[in-house]
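S.K.: no sequence for this one, just the structure:
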């Protein structure tokens, strides 16, 4: 046995022949496995759609409709695996504007597994032409859904950018609106408090809260965290003491301060106060 091993080890021709035989064997094995897999029929379909919370852009029936394409009667359950073009199915799903990512696979039992990640809108834009669309967290622009309307902040006013201008937000103004919306969506208090962003004639961004009869002049998204920090302090140390309807306008454009216009319904005038 030792002599045979040494012979194979040091004989170059036999060494090459041995490796060629191993490679050929592996090719044959993989070909048989691949042939058997392609001969499998789809036994069942498992569809996973995430996230589910507060998002209903699509359901399992819509996913099936998308992968069937123009052939609405196309057989999926019971169809041979070889008739399932996985790459095309994934591409078709990801072309649907409300799907961010799709993963399609078939296991050895013939189960077709489809995993879909929905896009998460944070803002609904109504531009100056009264055209409306959604913007996802990553800036991707989405059309309105024919049935589902997610509860997100609304941005309107002097916004020129349209849905068709680009796939992602392209103007500095809309990037600022998106930055503010993303910040609010990650903070429980601001998410529940800020319901509208309005762009005025001076191109300043105004925030319209759910609680309190006032508007907030935010300006741009520059120094965003500092502005929200100042506003939070003013809310809890100022408005909690004097009342949430005391002021008509709260201005955050000035560095390190909050300038508020006081409402005086009796004599119909306003005064300015500064909250440090």
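M.R.: Right, received. Where do you want to start? Please read all numbers here as calculations on a predicted model, not as lab measurements.

S.K.: for the rest of this, base every contact and every neighbour count on C-alpha atoms.
M.R.: Will do.

S.K.: residue ranges with poor pLDDT in the stretch 1-150 of the chain?
M.R.: Counting by pLDDT under 70, the ranges of the stretch 1-150 of the chain that qualify are 1-21, 24-39.

S.K.: what do you get if the cut-off is 80, keeping everything else the same?
M.R.: When the per-residue scores of the stretch 1-150 of the chain are filtered using pLDDT under 80, the ranges that remain are 1-40, 52-54, 72-75.

S.K.: all helices for it, in order.
M.R.: Defined through DSSP state H, counting those that start in this stretch, the helices belonging to the stretch 1-150 of the chain, from first to last, are 2-10, 12-39, 60-68, 86-95.

S.K.: same check, this time on the stretch 151-276 of the chain
M.R.: 172-185, 188-193, 224-234, 240-242.

S.K.: deepest-packed of those helices, please.
M.R.: When these are scored by mean count of other C-alpha atoms under 10 Å, the highest mean neighbour count falls to helix 172-185 (a mean of 20).

S.K.: that older thread, lowest mean pLDDT across the helices of the stretch 151-276 of the chain, which one is that?
M.R.: Lowest mean pLDDT within those: helix 240-242, at a mean of 75.

S.K.: how far off centre is that helix?
M.R.: Centroid separation between helix 240-242 and its chain, computed with C-alpha atoms, centre = their mean, to the nearest Å, is 38 Å.

S.K.: and residue 259, which of the helices of the stretch 151-276 of the chain is closest to it?
M.R.: Using C-alpha to C-alpha as the criterion, the shortest distance between residue 259 and these is 10.0 Å, found for helix 224-234.

S.K.: how much does the closest one deviate in direction from helix 172-185?
M.R.: Going by axes from the mean of the first three to the mean of the last three C-alpha atoms, to 10 degrees, helix 224-234 is angled at 50 degrees with respect to helix 172-185.

S.K.: which residues touch helix 224-234?
M.R.: Surrounding helix 224-234, the residues in contact under the criterion C-alpha atoms under 8 Å, 6 or more residues apart in numbering are 180, 218, 252, 256-258, 275.

S.K.: save the helices of the stretch 151-276 of the chain as JSON lines, and put in distance to residue 156 too.
M.R.: As requested, the helices of the stretch 151-276 of the chain are arranged in JSON lines below (distance: least, C-alpha to C-alpha, whole Å):
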{"stretch": "helix 172-185", "distance to residue 156": "10"}
{"stretch": "helix 188-193", "distance to residue 156": "17"}
{"stretch": "helix 224-234", "distance to residue 156": "19"}
{"stretch": "helix 240-242", "distance to residue 156": "29"}
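
S.K.: looking at those, which is closest to residue 164?
M.R.: Shortest distance between residue 164 and the helices of the stretch 151-276 of the chain, using C-alpha to C-alpha, is found for helix 172-185: 14.0 Å.

S.K.: give me the packing partners of the closest one, helices and strands only.
M.R.: Based on contacts counted as 3 or more C-alpha pairs under 8 Å, 6 or more residues apart in numbering; DSSP states H and E, the elements that helix 172-185 packs against are strand 121-126, helix 188-193.

S.K.: need the ones you listed in a markdown table (columns: distance to residue 148).
M.R.: Conversion of the helices and strands packed on helix 172-185 to a markdown table gives the following (distance: least, C-alpha to C-alpha, whole Å):
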| stretch | distance to residue 148 |
| --- | --- |
| strand 121-126 | 12 |
| helix 188-193 | 20 |
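
S.K.: buried among the contacts of helix 224-234? Make that a ChimeraX selection.
M.R.: For anyone working in ChimeraX, the buried entries among the contacts of helix 224-234, judged by 16 or more other C-alpha atoms under 10 Å, can be selected with:
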select :180,218,252,257,258
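
S.K.: can you tell me which of the contacts of helix 224-234 is nearest residue 138?
M.R.: Closest to residue 138, out of all of the contacts of helix 224-234 and judged by C-alpha to C-alpha, is residue 180, at 12.8 Å.

S.K.: what is the burial count for the nearest residue to the closest one once chain neighbours are set aside?
M.R.: The shortest distance from residue 180 to any non-neighbouring residue, by C-alpha to C-alpha, 6 or more residues apart in numbering, is to residue 221 (6.5 Å). Using other C-alpha atoms under 10 Å, residue 221 has 18 other residues around it.

S.K.: the closest residue to residue 132 other than its chain neighbours: neighbour count?
M.R.: Using C-alpha to C-alpha, 6+ apart and skipping the chain neighbours, the partner closest in space to residue 132 is residue 126 (4.4 Å). Other residues lying near residue 126 total 21 when counted by other C-alpha under 10 Å.
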